[in-house]
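In: here you go, sequence then predicted model.
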Amino acid sequence: DQQVKQNSPSLSVQEGRISILNCDYTNSMFDYFLWYKKYPAEGPTFLISISSIKDKNEDGRFTVFLNKSAKHLSLHIVPSQPGDSAVYFCAAILYYGGSQGNLIFGKGTKLSVKP
Amino acid sequence: DAGVIQSPRHEVTEMGQEVTLRCKPISGHDYLFWYRQTMMRGLELLIYFNNNVPIDDSGMPEDRFSAKMPNASFSTLKIQPSEPRDSAVYFCASSRQGVGYGYTFGSGTRLTVV
């Protein structure tokens, strides 16, 4: 049973346009949501996160939106650049009484930004 | 800081052989995680440690898999005996306590069991 779902395995966008990557989750108790980016032959690297008590977090060209009622979050990249081409993982985490839980990942969306 | 260091980067072994994957976490990080990535299942957690103590090993697929963390700077994931379905990329990650974004991943070990 997947708790974090990324239903689009791939996305292709023109350079300069907006990329929107989507993620759905099932557990309403998640405390934090994160996006990781992964290039081939490298480990995932942290991109941006959002607390469950917020609905938006912005960092430069990257913005994450959280809709708790729909159990949905999205990552917007504006403007998209060829260097953004990578696999993007959505992840969620629970904290148990202040202790760290573990990151639960979606299966990833491969973004291709075409020049 | 050199980041999380995993070795080897690639491992090819024959079915039935023992395989040991190694990880050196970032100094000062309290948590260490072992993940496995496959096409079918994506990134799945195998086991994680807090202050060298295993906290949750429910993701370890079978008794053939074992993990240890003898000290704060070293962990191993062992598969004995290995099987072709164990072929995957294995990632180690570390983090500090209570930092929701602080997972730092190593570059992974690509394991091929033939």
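Out: Yep, that arrived. As the structure is a computational prediction, the values presented were derived from the model and not from experiment.
In: which ones are touching B:Ser87?
Out: In this structure, B:Ser87 makes contact with B:111-113, judged by C-beta atoms under 8 Å, 6 or more residues apart in numbering or on different chains. Where you see a C-beta, it was placed from the backbone N, CA and C, and this is true even at glycine.
In: contacts with chain A among the residues you listed, please.
Out: When C-beta under 8 Å from any C-beta of the partner chain is applied, no member of the contacts of B:Ser87 is adjacent to chain A.
In: out of the residues you listed, which are inside strands?
Out: B:111-113 (DSSP state E).
In: got the residues you listed as TSV, with pLDDT columns?
Out: Converted to TSV, the ones in strands among the contacts of B:Ser87 look like this (pLDDT from 0 to 100):
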residue	pLDDT
B:Leu111	98
B:Thr112	97
B:Val113	97
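In: now tabulate these in CSV and tack on distance to B:Ala88 and neighbour count.
Out: Formatted as CSV, these follow (distance: C-beta to C-beta, whole Å; neighbours: other C-beta atoms under 10 Å in any protein chain shown):
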residue, distance to B:Ala88, neighbour count
B:Leu111, 6, 21
B:Thr112, 9, 13
B:Val113, 9, 20
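In: now the residues you listed as TSV including distance to A:Ser10?
Out: Listed next are the ones in strands among the contacts of B:Ser87 as TSV, based on distance: C-beta to C-beta, whole Å:
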residue	distance to A:Ser10
B:Leu111	25
B:Thr112	25
B:Val113	28
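In: after the lowest-mean-pLDDT helix or strand in chain A, next one along is what?
Out: Using mean pLDDT, DSSP states H and E, the weakest-scoring helix or strand in chain A turns out to be strand A:99-100, at a mean of 60. Where DSSP states H and E defines the elements, the next helix or strand beyond strand A:99-100 is strand A:104-105.
In: verify the stated contact: A:Leu47 with A:Phe62.
Out: Yes: here A:Leu47 reaches A:Phe62: they are 6.3 Å apart, a contact under C-beta atoms under 8 Å.
In: now for these two: what residues contact both?
Out: With C-beta under 8 Å, 6+ apart as the test, A:Leu47 and A:Phe62 both reach A:35, A:75.
In: which non-adjacent residue is nearest the residue positioned nearest the centre of chain B?
Out: The centre of chain B sits closest to B:Trp34, judged by C-alpha atoms, centre = their mean, with a distance of 3.2 Å. Excluding the flanking residues, the one nearest B:Trp34 by C-beta to C-beta, 6 or more residues apart in numbering or on different chains is B:Leu46, at 4.4 Å.
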